[in-house]
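*Asks:* sequence unavailable; structure follows:
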C-alpha cells in the first residue's frame, strides 16, 4: 500500500514531461476562501516555511505539490555550496518542473521562485492564471502525498483582476475537483459560520454524494470567547462522510517572529488537549497528514484498475494516430508513386461505391451521380410541359404560314415540324445543367479522397487537386458538345414513322377522315344549290343576289385560319352581279382593317370616269393581325387539337430518348474517361525527379503533430510500465 503514492507521483512526472492531462490521476485538492489558512495547512504538513505569505490573495496559480518521504537509505543529492565550503548531502530539498534539474535546499529560495513564476504569467498586481506550478519536496519528515493548492475563493476584483474574478476562480477550482479521482480538502475558518462555507458549497457541487470530501477547520484558537467548534467537529452542524478535522495554524505574529513549525505543532496539541480533550487524538496536523495519506492510498487502490484500462486504450489510439502520420520519407520516388496510386484508387472507388470509408450522413461519389441522373435530371425533364409556350393563336398562325397563298384542306406537316422543334429545343438547357452537376460532384470527390498522407504534404495535395481539376475542365466542353449534338440529332430529323408515334398518328387519321367526309358533303350541298339557282333565277327578284354571294362565299375552301379567301375583281360571278357596298366588307376580316366600298362594275361606269391607267388598290393592311377575341370555328379547333396531340406525342418520345442518352454520354465522355485516365495523368504531370523535394516537403504542423504523438505514446508506454510494476498483493 505504501508504494501506491510514489507510483502516482511517477505517473505525474511522466505526463508532466509532455504537458498533457490525458490521464486523471488521484490527488488531493485544497479548496477554501481567501485567507482561510490553506497555505498554512500545507506548510504544517511539510514542516517548513516555503509558501508565499501576506494579506489578500497570495496564491494566484494552482500549486501541484508532491511530498515524497525519503529514508536514510535513499540516494541524496550532493550539494556544493557557493561559498567554497565542503560539499554535503542534502537532508531536505525541492525541485520545480520548470527549472528542470535544479535543486533547492533553501526553502526561502523555493518561496522566491514561486513568487517569480507566479508574477511571470499573472503579473504583479493580483492577477490569476490557471497554469499550475509543479513542485516536489523530498524530506524524511513528510508523508508521501500529492496536493494541489488552489487560489482562494473571492468575490470582489482587486488590482488587475477582471470583474468576473468570482466566476474565473469558480471554473478553475471546479476543473480540478470535478475529477472523480481527486480528494477534496475543504478548508474553513472556525471563526466563520460553517453553514456558509464556500469550500463545502464547491465540494457539494462536484461531489454531491460526499464520498471524496474531507473538511478541515482552521483557526480554532481565534474563536470568540465562550464559543467552541465541538458541534462542528463532531458533524452535528453539517455532517461530512470522510470526517471533519480541526487544526491550529501559526498567527501572523508567529510568522513574523519566525516561530518554528515544530513548536507550533506542539502548541497545537497542547491547545487541543486543553480545549477539546475528547477530540484531541482525532484532530491536529499530524492526524490530518496520516488521514490524508491513508485516504489517498485507498483512493489510488480503487482507481488503479480503471487507470490501467485507460492507459492501454490511449496507447492503442496514439499508435494508430502515429501510424496515420506516416514515417519519415526515405525513397521519395516510391513514396510519391504510392501516394498517387492510392489517391487514384480511392477516387475510382468513391465513384464505384467501394471506398473503405463510406458516408452515412449524405450521398456522395457515384451514388450522388446516380441521384443526379435518375432523380434531379428526370424530375426536371418530367416537369417540362410539352405544350408550354404554345398558344392557340401561335399554332393557327404556323398552320396558315405553312400553307402559303393557297388555302389547305388538311393540316400541313411543315407546321408540325416547326412547332415540334421549338419544343424539343427546351430539352437542351436541363441536359447541359445535368453535365454541370455531375462535373461539380466529380470535383467534390477530390476533397473527399484527401488522405492523411496528402495532408502531410500540402504541396503535393495542391498539385494533385490542380491536375484532376484541369482534367475535368478539359472534358467539360467535350461532354457539353456531345449533349448538344444529342439534341441537334433530334432536331435534324422528325421521324413521324417512329413506332411509338403510330398510335397517335391513327388518331390523326381518324380526324382527317372526318374532314374528308365533311368536305364531300359540303361539295354535294354546293352542287345542289347551284342547280336550284339556275332553275329559279327568273322568279327571284334582283334583291336576292347579295344572299347568294354571302352563301357562296362560305362554300369556298376555308383557309387555315377559318376565314374565307378574299374575292378577286376578275371573278366573273362577282362582276356580272349587282353587289351593294355593304355586301363585301373586306376590313371586317382583320382587326383595324379599313372599310373599303366595292368598286363600281365596268358596265355601269361612264367613259369619262374611266381613268387612263388603273392603279391597284391595296385592300389589306401592311401586316394583317388576328382579331383580339373571336370564337374558333370547328375546323380551327380540329386543326389545333391535331397539332397539339402530335407535338405532345413526339415530344414525349424525344424526351425519353434524351433522358436515356444524356446520362450515357456523360458517363462515357466525362466520368469513365476521368476514371480511366486519372492515374496516367497524375503520373505524367507529377512523377518527375526534379519535383520530388518540392512535392514531398512536409508541413510544419504535421511534423509537430508527429513529434507530440510520439512523445505522448512514449509517456503512455512508460506509464503502463510503471503501473505494471505494482503486484496485486501490493494493491489488495
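*Replies:* Nice, thanks for sending it over. Everything numeric in this text was worked out from a predicted model, so none of it was measured. Numbers count the residues shown, from 1 in each chain.
*Asks:* what's the pLDDT at residue 696?
*Replies:* Here, the pLDDT recorded for residue 696 equals 78.
*Asks:* OK, contacts around it?
*Replies:* Residues near residue 696 by CB atoms under 8 Å, 6 or more residues apart in numbering: 329, 332, 335-336, 457, 459-460. In this view, the C-beta of every residue, glycine as well, is placed from N, C-alpha and C.
*Asks:* just the buried subset of the residues you listed, please.
*Replies:* 335-336, 457, 460 (16 or more other CB atoms under 10 Å).
*Asks:* please settle this for me: is residue 68 part of a strand?
*Replies:* Yes - under DSSP: H, G, I helix; E, B strand; the rest coil, residue 68 sits within a strand.
*Asks:* return the subset of the contacts of residue 696 lying in helices.
*Replies:* The helices in this structure, assigned by DSSP state H, contain 332, 335-336, 459-460 from the contacts of residue 696.
*Asks:* of those, closest to residue 12?
*Replies:* Nearest to residue 12, judged by CB to CB, of those is residue 335 at 39.9 Å.
*Asks:* from what I can see that closest one touches residue 327, true?
*Replies:* No - the pair residue 335 / residue 327 is not scored as a contact, 9.6 Å apart, by CB atoms under 8 Å.
*Asks:* please identify every residue contacting each of those two.
*Replies:* With CB under 8 Å, 6+ apart, residue 335 and residue 327 have no common neighbours.
*Asks:* and the closest residue to residue 441 other than its chain neighbours, what's its pLDDT?
*Replies:* Counting by CB to CB, 6 or more residues apart in numbering, residue 441 lies nearest to residue 368, which is 5.1 Å off, once chain neighbours are set aside. Residue 368 carries a pLDDT score of 90 in this model.
*Asks:* go on, residue 587?
*Replies:* 33.
*Asks:* make TSV out of the ones in helices among the contacts of residue 696 and add pLDDT and distance to residue 392.
*Replies:* As requested, the ones in helices among the contacts of residue 696 are exported to TSV (pLDDT from 0 to 100; distance: CB to CB, whole Å):
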residue	pLDDT	distance to residue 392
332	77	74
335	81	72
336	85	68
459	85	65
460	85	64
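*Asks:* any idea which of the buried ones among the contacts of residue 696 is closest to residue 258?
*Replies:* When the buried ones among the contacts of residue 696 are compared for distance to residue 258 (CB to CB), residue 457 comes out closest, at 64.4 Å.
*Asks:* please report the distance of that closest one from residue 322.
*Replies:* 17 Å (CB to CB, to the nearest Å).
*Asks:* try residue 174
*Replies:* Where residue 322 is concerned, residue 174 sits at a distance of 33 Å (CB to CB).
*Asks:* kindly report the same for residue 46.
*Replies:* To residue 322, residue 46 is 41 Å away according to CB to CB.
*Asks:* compare the two (neighbour count), which wins?
*Replies:* residue 46 (23 against 17; other CB atoms under 10 Å).
*Asks:* where does the prediction get shaky in the stretch 1-150 of the chain?
*Replies:* Applying pLDDT under 70 to the stretch 1-150 of the chain picks out residues 1-4, 15-22, 54-56, 72-75, 80, 82-86.
*Asks:* quick one: the strands in it?
*Replies:* Along the stretch 1-150 of the chain, counting by DSSP state E, counting those that start in this stretch, strands occupy 27-32, 63-69, 78-79, 88-89, 93-96, 133-139, 145-149.
*Asks:* make a markdown table from these and add distance to residue 156 and mean neighbour count to it.
*Replies:* As requested, the strands of the stretch 1-150 of the chain are exported to a markdown table (distance: least, CB to CB, whole Å; neighbours: other CB atoms under 10 Å):
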| stretch | distance to residue 156 | mean neighbour count |
| --- | --- | --- |
| strand 27-32 | 17 | 26 |
| strand 63-69 | 23 | 22 |
| strand 78-79 | 45 | 12 |
| strand 88-89 | 48 | 12 |
| strand 93-96 | 32 | 20 |
| strand 133-139 | 25 | 20 |
| strand 145-149 | 21 | 23 |
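*Asks:* can you put the ones you listed in JSON lines and add distance to residue 467?
*Replies:* Shown next, in JSON lines, are the strands of the stretch 1-150 of the chain (distance: least, CB to CB, whole Å):
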{"stretch": "strand 27-32", "distance to residue 467": "55"}
{"stretch": "strand 63-69", "distance to residue 467": "53"}
{"stretch": "strand 78-79", "distance to residue 467": "65"}
{"stretch": "strand 88-89", "distance to residue 467": "69"}
{"stretch": "strand 93-96", "distance to residue 467": "54"}
{"stretch": "strand 133-139", "distance to residue 467": "51"}
{"stretch": "strand 145-149", "distance to residue 467": "56"}
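*Asks:* nearest to residue 315, out of those strands?
*Replies:* The nearest among the strands of the stretch 1-150 of the chain, by CB to CB, is strand 27-32 at 22.4 Å.
*Asks:* identify the residues contacting the closest one?
*Replies:* For strand 27-32, contacts defined as CB under 8 Å, 6+ apart pick out 8, 12, 38, 41-42, 64, 145-150, 152-153, 173, 176-177, 179, 181-188, 198-199, 202-203, 292, 295-296.
*Asks:* check stretch 475-487 too.
*Replies:* Taking CB under 8 Å, 6+ apart as the rule, stretch 475-487 contacts 424-425, 427-428, 431-432, 434-435, 439, 658, 661-662, 665-666, 669-670, 673-674.
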